[in-house]
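>>> just a sequence and a predicted model for now, questions to come.
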Amino acid sequence: MTREKQFLTRLKETKEKDLDVLLKPEYRGIWESAINNYSDSAHFVYELLQNADDTKAEWVDFHLEKSGLWFKHNGSISFSITDPDNQEKDKKTGNLGHINAITAIGFSNKPDEPDSQKIGKFGIGFKAVFAYTMSPHIYDENFNFKLENYIVPIEVSENPKRNKGETLFYFPFDHQNKSKENAYGEIEDKLDSLYQPILFLSNLKKITWKSKEKKGIYFKKPIKTEQFDDIRADLIEVESTKNNIQIKQRKWLFSTAIPNDEYKSQHRVYVGILINDHNELKKAENQYNIFCFFPTKETANLGFIIQAPFLLTGSRHNIKAGENWNKKMIELLATLAARSLPIIKLIGEKEKTFLLNDNILSLIPYQEDTYNEDNNNISYKPFYKKIIDKLKSDQLLPGRNGKYYKSVNSYWASDPGLANLFTDHQISNLMKNPNSGLVFVSRGQKYISQADKALEIYINSIIFETLDLKKLLRRIDHSFMEAQTDEWILNFYIYLAGRKAIWDDKDRFVLKLPIILNQNRKAVVPFKNSTSSPTIFLPSDRSTSYDTIYKLFTEDEDALDFFKSLGIGLPDTRSEILNTILPQFNQKFISIEKDKTIEYFELFLSYYNTCPSSSQIDYVNELKNHSFIAAINLNNPENITFLKPENVYIMNDSMLQYFANTNTFYFLDVNYYSKFINSSLKESLFNFLE
């Protein structure tokens, strides 16, 4: 008999003696506590996975039959046994055999860790299998045995289902208080609903399972690993297949080792984020449960995954409150989460993707008042504090096209349309804040204000200022407008057209800003003083002395409707003549070029011929008060003088003889008006002059 066989025989004898006490009715609570410690009985599935990972298994397989559950893995560490007489010493040194541990209660090989962290070493967790079976069987390279009465190892024959290099478990459904049908259904449901079961295990990469009706796969594939100082970044692809429906996800896991000078265990803490097919940060569909190797039932109102070796309650569903260890884990995780943000940004920049995007708002904690700080509850407030401090201090706020801004250079638009209109360069110029720009452009301030007031308050606390259209309009000047492209200005007008409340309010201040470009592409104020008197008009077929809107803009129907709704129309000829043109004829030798005066005179004549007859007398009377007729004196015919009509004569032979010897009379300069005299307008001209 080998030494190990001798140890197994002696261990069996020892456990049979222990039964004399442990099976007494007054000690029955020990077993009930060990077996029923989990409200979710099938939680033992997670314990089996942890056991397999501890043995360096890369895959496991569950085969669920109506009569029992088969479980096997390819772990390289086989079952061991140590001298039953030296168990206390072996426990302290970490050398206790696996069979010794599985036949005990709360007797683990991890002396340096708190009891709640002793996962996967055949401790309390494994005892949960006794809720389904009274005789679990174990087959591996060195031992084939079953457990009877919870703790007694009985040697059995080898099982042909086990291949070389595998460890095989069989859990027959022979419990007197659990029917085979119930056992089958509960375990099938558990296998079908495992959530990220191998995400934080060191070695296990694949789980396969099947029952009579269903089957599934859980798979983990490392894609790449990068190191950033003491933080390791792992890109992981996880896959699950249930009833031939395949679900794939990719996650970045950021981790750092727990400092050895403070903690003796060799664990890591993790923060994980989900990414989409475009390598961009993906909004979390639900708040993640906290992981302690496997998911607990505790949530922290976070949109990212956190994992640490927490101290858990007996059922392993919740984190123990008031424990200094757990508080330190939260502090470590919060620091890691904050430090991961610039790494997420850096990875995205290196890969030319937008990994860190506006979806960060759906991941980070932004409601400070939801986090309690007392010994009766775990407080996750460190996540709020450390993340908001990092966002305020670093250049992390996501803008457009992969740009990021510091808090002092960041602006938040009232709506996405405004963000689409104004570029970051324009924002920098208008706000007199170099290298600044818009952030969170897909999340308009007005919408967020209505949908989530707490988020609006949070964003306002990490940016420099919120911008709406009125704030920007008040900063627009002539030079800004003239520097913009025709395409942008046209979009600007169309944008304004859809926001009548901005420019048609009580003050109508927009109408007093230089936002309209004239025919020379110079910015002008469309209205001065009274908003009922425009200073610029729509282009017309005739020439005019007024400013008219740059013609390209009026060729767009939407922009044209906007100009009309402002109250801008075609020039008013009578108003233009009386208020703008005639005042220029205020001296004898005016500085107006001849072509312009002829153009003006043609306008005078045209309006006279087309205006209503009821208006002609008033119009003529107005003209009589201005010196607009080009006249000459016979003694100095080279000098043209502009006089009132009453001081000018139309020249004929009789008039020439009569005024031949005087120099105080002036005649119409027919050469000046030859354009009209030598055309079909001659008759009309003299009718007008008379």
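Ah, there it is.

>>> give me the low-pLDDT residue ranges for the stretch 301-450 of the chain?
For the stretch 301-450 of the chain, residues meeting the criterion pLDDT under 70 lie at 315, 373-375.

>>> where do the helices of it begin and end?
For the stretch 301-450 of the chain, helices defined by DSSP state H, counting those that start in this stretch occupy the ranges 324-350, 381-393, 416-421, 424-431, 445-451.

>>> quick one: closest of these to Ala501.
Smallest distance to Ala501 across the helices of the stretch 301-450 of the chain (Cβ to Cβ): 12.6 Å, for helix 445-451. No exception for glycine: its C-beta is placed from N, CA and C like everyone else's.

>>> center of the chain, which residue is that?
With distances taken as Cα atoms, centre = their mean, Asp358 lies nearest the centre of the chain, 1.6 Å away.

>>> nearest spatial neighbour of it, chain-adjacent residues omitted?
Ser442 (4.7 Å; Cβ to Cβ, 6 or more residues apart in numbering).

>>> how far away is the one you found from Glu456?
Note on Ser442: its distance to Glu456, by Cβ to Cβ, to the nearest Å, is 15 Å.

>>> look at these two and report which has more neighbours.
More neighbours surround Glu456 than the other of Ser442 and Glu456, with 20 against 12 (other Cβ atoms under 10 Å).

>>> quick one, phi psi at Phe173?
As for Phe173, its main-chain torsions (degrees, to the nearest 10) stand at phi -80, psi 80.

>>> residues in contact with the residue nearest to the centre of the chain?
Pro398, Phe440, Val441, Ser442, Arg443 (Cβ atoms under 8 Å, 6 or more residues apart in numbering).

>>> out of the residues you listed, which sit inside strands?
When DSSP state E is applied, these are split such that Pro398 fall in strands.

>>> quick one: which of the contacts of Asp358 is nearest Asp54?
Closest approach between the contacts of Asp358 and Asp54, by Cβ to Cβ: Pro398, at 41.3 Å.

>>> burial of that closest one, as a residue count?
24.

>>> and Lys210, by the same measure?
Residues within reach of Lys210, counting by other Cβ under 10 Å, total 16.

>>> still on that earlier bit, out of the contacts of Asp358, who's nearest Lys644?
Distance to Lys644, by Cβ to Cβ, is smallest for Val441 among these, at 64.0 Å.

>>> excluding its backbone neighbours, what's nearest the closest one?
Ala419 (3.9 Å).

>>> now Phe604
Phe604 sits nearest to Ile577 (Cβ to Cβ, 6+ apart), 6.2 Å away.

>>> return the residues in contact with that neighbour.
Under the criterion of Cβ under 8 Å, 6+ apart, the neighbours of Ile577 are Leu603, Phe604, Tyr607.

>>> secondary structure added to the residues you listed, as TSV?
Converted to TSV, these look like this (DSSP: H, G, I helix; E, B strand; the rest coil):
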residue	secondary structure
Leu603	helix
Phe604	helix
Tyr607	helix
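
>>> would you map the strands across the stretch 1-150 of the chain?
Applying DSSP state E, counting those that start in this stretch to the stretch 1-150 of the chain gives strands spanning 59-65, 68-73, 137-139, 144-148.

>>> contacts for the last one?
Residues lying outside strand 144-148 but in contact with it, judged by Cβ under 8 Å, 6+ apart, are 8, 99, 102-103, 134-138, 153-159.

>>> isn't Leu312 right up against Lys297?
No: checked against Cβ atoms under 8 Å, the pair Leu312 and Lys297 is beyond contact range at 10.1 Å.

>>> what's the overlap in contacts for the two?
Common neighbours of Leu312 and Lys297, counting by Cβ under 8 Å, 6+ apart, are Asn318.

>>> more neighbours: which of those two?
Neighbour count, other Cβ under 10 Å: between Leu312 and Lys297, Leu312 has more, with 23 against 14.

>>> just to revisit the earlier point, highest neighbour count among the contacts of strand 144-148?
Ile99 leads the contacts of strand 144-148 on contacts (other Cβ under 10 Å) with 25 neighbours.

>>> now do the same contact list for that residue.
With Cβ under 8 Å, 6+ apart, Ile99 has these contacts: Leu8, Leu11, Phe79, Ser80, Ile81, Phe143, Phe145, Pro153.

>>> now do the phi/psi pair for the closest residue to it other than its chain neighbours.
In space, and not counting its chain neighbours, Ile99 is closest to Ile81: 4.4 Å by Cβ to Cβ, 6+ apart. Main-chain torsions, Ile81, degrees, to the nearest 10: phi -140, psi 150.

>>> could you report the neighbour count for Ile81?
For Ile81, the count of nearby residues is 25 (other Cβ under 10 Å).

>>> then Arg574?
Around Arg574 there are 14 other residues, counting by other Cβ under 10 Å.

>>> check the secondary structure at it for me.
Applying three-state DSSP: Arg574 is helix.

>>> any idea how far Gln519 is from it?
21 Å.

>>> now do Phe642
As defined by Cβ to Cβ, Phe642 lies at a distance of 27 Å from Gln519.

>>> between those two, which has more neighbouring residues?
Set Phe642 next to Gln519 and count neighbours by other Cβ under 10 Å: Phe642 wins out with 22 against 14.

>>> show me the shaky parts of the chain.
1, 26-41, 106-125, 260-265, 285-286, 315, 373-375, 529-532, 587-590, 660.

>>> where exactly do the strands run in the stretch 401-550 of the chain?
Using DSSP E, counting those that start in this stretch, strands in the stretch 401-550 of the chain cover 404-405, 410-413, 437-438, 465-467, 516-517, 523-524, 536-537, 547-548.

>>> on that earlier part again, I'd guess the residue nearest to Phe604 is in a strand, am I close?
No: read with three-state DSSP, Ile577 is helix and lies in no strand.

>>> now do the contacts for the residue nearest to Glu465 when sequence neighbours are not counted.
Distances taken as Cβ to Cβ, 6+ apart place Tyr411 nearest to Glu465, at 5.5 Å, with adjacent residues excluded. Counting by Cβ under 8 Å, 6+ apart, Tyr411 makes contact with Ile427, Met431, Ser436, Gly437, Leu438, Val439, Ile463, Phe464, Glu465, Thr466, Leu467.
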